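# kindly return the folded structure for what I paste below:
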Amino acid sequence: MSEKMPAAEEPYGVNKIVDNIGGLSLDLLAETCQHILTYLQGQTKGLDCAEISDRFQRNGVRLDHEALQNIIRFLLLTFRSAGKSKLSGDELVLQLEESCGKWPKASLQVVHRLWTEQGAQVHAQQEVQSMLSIGQLIDLQWKLGMAVSSDTCRSLNSPYVCLLLKIAEPSGQIQQRSFEMTIPQFQNFHKQLKEMAAVLETV
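Residues are numbered from 1 along each chain as shown. Now for the predicted structure:
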């Protein structure tokens, strides 16, 4: 296997991160890995790093914010790369050992167990995301206004509807998109939404 783990930057950085992971209780490591794997399987809309950091603090982990973020990023990149490469549990552990010889055996056993159980689902979700490559609508807001200047309204002082969409991108980042519609365009949009809702009720 020629591909290296993406988080294997300069050796000291990886060694330090692995040292910090080794200092976690096995239960906390398993909980953190599960949180990340749940996100990578598409069961949550995003990875809440603040929530994971809070769990670390509540469990008495004495690390600064950057060190905690490095652990989360390292595990996220590790599992994401393993999913793309379709690694088995044994292959993943071997790559981790090759990237850093300081891994505690018990920590590797936690990673091996969770990846063996859930790695296939992570890979399947990545395949779906690569085919779709679209975001998920989280929120939609609208407001009514009067056009002062517009490319689509023929006359000024025409009413228009401004839509603001909040979308969770496949990367996990949340983006905002906004656009304007004339009243006839919005009425047509509303009609199409009602038609979609009616079809969905029959599914």
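
# mind listing what's buried in the helix or strand where I17 lies?
In this assignment (DSSP states H and E), I17 forms part of helix 11-22. Within helix 11-22, the residues scored as buried using 16 or more other C-beta atoms under 10 Å are V14, I17, V18, N20, I21. In short, each C-beta sits where N, CA and C put it, glycine included.

# make TSV from the residues you listed and add distance to L165 and pLDDT to it.
Below are these laid out as TSV (distance: C-beta to C-beta, whole Å; pLDDT from 0 to 100):
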residue	distance to L165	pLDDT
V14	39	88
I17	37	92
V18	41	93
N20	39	92
I21	38	93
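
# identify all contacting residues around the helix holding I17.
Outside helix 11-22, the residues within contact range by C-beta atoms under 8 Å, 6 or more residues apart in numbering are 7-8, 29, 63, 67, 70-71, 74-75, 99-100, 102-104, 107.

# so of the residues you listed, which ones are in strands?
Of these, none are assigned to strands by DSSP state E.

# break the protein down into its structural domains.
What the record gives for the chain is the domain set 11-132, 136-202, from automatic domain parsing.

# just those domains: most buried one?
domain 11-132 (a mean of 16; mean count of other C-beta atoms under 10 Å).

# quick one: low-confidence ranges for the chain?
Scanning the chain for pLDDT under 70 picks out the ranges 1-12, 129-134, 147-156, 170-172, 202-203.

# quick revisit: alpha carbons of the helix holding I17, in CSV - could you do that?
The C-alpha coordinates for helix 11-22 follow below in CSV (Å, rounded to 0.1, in the frame of the first residue of the first chain):
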residue,chain,number,x,y,z
PRO,A,11,6.6,13.4,12.3
TYR,A,12,6.6,15.5,15.5
GLY,A,13,3.1,16.7,14.8
VAL,A,14,1.7,13.2,14.3
ASN,A,15,3.7,11.8,17.3
LYS,A,16,2.2,14.5,19.6
ILE,A,17,-1.3,13.9,18.4
VAL,A,18,-0.9,10.1,18.9
ASP,A,19,0.5,10.8,22.4
ASN,A,20,-2.6,12.8,23.2
ILE,A,21,-4.9,10.1,21.8
GLY,A,22,-3.1,7.6,23.9
